[in-house]
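In: Sharing a model that was predicted from the sequence below.
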Amino acid sequence: MAIPPARHPEERTRRRLVGRLHASERMLKDYSRDLREAGGDSEARREAYKALVRFNGEIEAINETLRRDFVPQHGPNQLLGADALLVSRLFNVRNKNVPRLPEVRLELRYSEGQSLVYTGPELRQSEGVVFMSLINILRDYPAGLVVSFSPGDLCKALYGHYDGHTRNQLKDSIIRLMRGVLTFPSFSVQLAQKFTHPSKGPWSVAVDACIVRLFQELQYTWLDFKLHRSLTAGVTTWLYAYVRTQPRLRPIRLESLIELSGSDAKSAKAFKSSLYRALDELAVKGVIAPDFVVTADVLHWRKLKP
């Protein structure tokens with residue numbers, strides 16, 4: 001099941017803008033031909049030149065709107081994630097039976113000498129997939145716009161079924177995301193905004209307009225939603241995202257994986273059982289090669305082409 005689309009009577013959707021862009025590009029091509037064929041200082045040549053200037057300006061304006069107001073394009077079966085958030089302890093893998101911390105502060109490095117700070121409630125892999133799903137259902141609308149969606153459809157897409165438990169699980173995750181803030185050197189962004197959740201009917205939500213700047217500032221990766229949903233939430237989903245962000249898999253110490261993923265394992269030995277289960281699952285799904293091995297608490301593994 002794909003992530004269900006959101007609904008809003010907004011005309012300035014990505015689809016409409018891209019349609020206008022293609023139409024303007026066709027007109028630009030036609031008037032370029034007319035300009036070449038028009039002779040000398042003729043009226044036809046002057047009109048063609050004016051049209052070229054007009055359509056060039058419209059194309060530049062549409063491209064700027066797409067860049068400024070919309071997240072990177074992706075489809076209903078894709079999750080869009082910023083690498084620095086995916087490969088970090090922001091959406092950690094701690095055991096669900098361990099109580100969450102009400103407030104944390106995490107410094108996440110995203111490039112040489114550059115870091116961002118997260119402040120807010122402790123988030124786990126469950127919030128990570130909800131965050132990416134909200135980005136997905138809002139992908140065709142300008143960031144910051146409040147759109148409506150069916151909580152039942154989204155619960156079915158994320159959890160496989162819809163009942164009181166999954167409804168509350170989705171609501172609680174979005175509320176936690178609303179309280180979370182990422183602070184960059186020059187701007188801050190909430191992970192979700194303006195959430196309404198009536199007992200009956202559609203819900204509505206908006207993502208911070210600055211979420212677009214997040215994807216301009218950070219490298220990002222597309223994950224396969226159906227594959228992600230088929231994986232066990234926790235170490236397996238975190239490792240899947242880690243693998244997808246890496247050009248190739250280098251040997252890595254288990255202590256590094258524990259720190260990066262935010263695991264509550266007390267030692268490499270304690271981490272191994274959950275790690276091996278996750279690696280086996282990823283090998284079966286064709287994400288990594290099955291010949292992985294851990295030697296002296298160092299994981300040696302290979303990435304398979306998606």
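Out: Structure's in. What do you need?
In: low-scoring stretches of this structure, by residue?
Out: Residue ranges of the chain with pLDDT under 70: 1, 9, 39-41.
In: can you list the domain ranges for it.
Out: Residue ranges for the domains of the chain, per automatic domain parsing: 14-69, 232-306.
In: what about the shortest one, start to end distance?
Out: Between the start and the finish of domain 14-69 there is a gap of 9 Å, counting by CA to CA, to the nearest Å.
In: about what we covered before: quick one: the domains of the chain as a markdown table, columns for distance to residue 97 and mean neighbour count too.
Out: Where you see a C-beta, it was placed from the backbone N, CA and C, and this is true even at glycine. Compiled in a markdown table, the domains of the chain are given as follows (distance: least, CB to CB, whole Å; neighbours: other CB atoms under 10 Å):
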| stretch | distance to residue 97 | mean neighbour count |
| --- | --- | --- |
| domain 14-69 | 41 | 14 |
| domain 232-306 | 10 | 16 |
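In: now for those domains, which one comes closest to residue 121?
Out: The closest of the domains of the chain to residue 121 is domain 232-306. By CB to CB, the value is 13.5 Å.
In: Let's see the distance spanning that closest one from one end to the other.
Out: 19 Å.
In: tell me how far it is from the chain's mean position?
Out: 21 Å (CA atoms, centre = their mean, to the nearest Å).
In: next one: stretch 174-188
Out: For stretch 174-188, the distance to the chain centre is 15 Å (CA atoms, centre = their mean).
In: Let me see the residues that make contact with it.
Out: The contact list for stretch 174-188, computed with CB atoms under 8 Å, 6 or more residues apart in numbering, reads 85, 114, 116-121, 123, 127, 130-131, 134, 189-193, 195, 197, 205, 210, 213-214, 217.
In: Buried ones only from these, please, as a ChimeraX command.
Out: In ChimeraX, this line selects whichever of these come out buried by 16 or more other CB atoms under 10 Å:
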select :85,116,118,120,121,123,127,130,131,134,189,190,191,192,193,195,197,205,210,213,214,217
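In: of the domains of the chain, which approaches residue 103 most closely?
Out: Comparing these by CB to CB, domain 232-306 comes nearest, at 15.1 Å.
In: What are the boundaries of the strands in the chain?
Out: Listed in chain order, the strands of the chain (DSSP state E) span 78-82, 91-92, 104-111, 114-120, 123-124, 147-149, 181-183, 188-190, 193-196, 203-206, 220-224, 252-253, 293-295, 298-300.
In: Name every strand pairing with the last one and say which way it goes.
Out: In this case it means strand 298-300. Within its sheet, strand 298-300 is paired with strand 252-253 (antiparallel), strand 293-295 (antiparallel), according to DSSP bridges.
In: do the same with the longest one
Out: Here strand 104-111 has these sheet partners by DSSP bridges: strand 114-120 (antiparallel).
In: what's the first-to-last distance across stretch 286-301?
Out: For stretch 286-301, the end-to-end distance is 13 Å (CA to CA).
In: contacts for that stretch?
Out: In contact with stretch 286-301 (CB under 8 Å, 6+ apart) are residues 227, 240, 243, 249, 251-255, 257, 268, 272, 275-276, 279, 282-283, 302-304, 306.
In: ok, back up a step: out of the domains of the chain, which is closest to residue 78?
Out: Of all these, domain 232-306 sits nearest to residue 78, with 11.1 Å by CB to CB.
In: so where do the helices sit in this protein?
Out: 14-37, 43-69, 83-86, 125-137, 151-159, 164-179, 211-217, 225-230, 235-245, 254-261, 268-284 (DSSP state H).
In: mind putting the domains of the chain in JSON lines, distance to residue 108 included?
Out: Formatted as JSON lines, the domains of the chain follow (distance: least, CB to CB, whole Å):
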{"stretch": "domain 14-69", "distance to residue 108": "24"}
{"stretch": "domain 232-306", "distance to residue 108": "10"}
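In: Just tell me which of these ends up closest to residue 98.
Out: Nearest of these (CB to CB): domain 232-306, 5.8 Å.
In: Correct me if wrong: residue 210 contacts residue 189.
Out: Yes - contact between residue 210 and residue 189 holds when scored by CB atoms under 8 Å: they sit 4.0 Å apart.
In: Just send the helices of the chain back as JSON lines, with distance to residue 2 too.
Out: Formatted as JSON lines, these follow (distance: least, CB to CB, whole Å):
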{"stretch": "helix 14-37", "distance to residue 2": "16"}
{"stretch": "helix 43-69", "distance to residue 2": "23"}
{"stretch": "helix 83-86", "distance to residue 2": "21"}
{"stretch": "helix 125-137", "distance to residue 2": "9"}
{"stretch": "helix 151-159", "distance to residue 2": "7"}
{"stretch": "helix 164-179", "distance to residue 2": "17"}
{"stretch": "helix 211-217", "distance to residue 2": "21"}
{"stretch": "helix 225-230", "distance to residue 2": "7"}
{"stretch": "helix 235-245", "distance to residue 2": "18"}
{"stretch": "helix 254-261", "distance to residue 2": "28"}
{"stretch": "helix 268-284", "distance to residue 2": "22"}
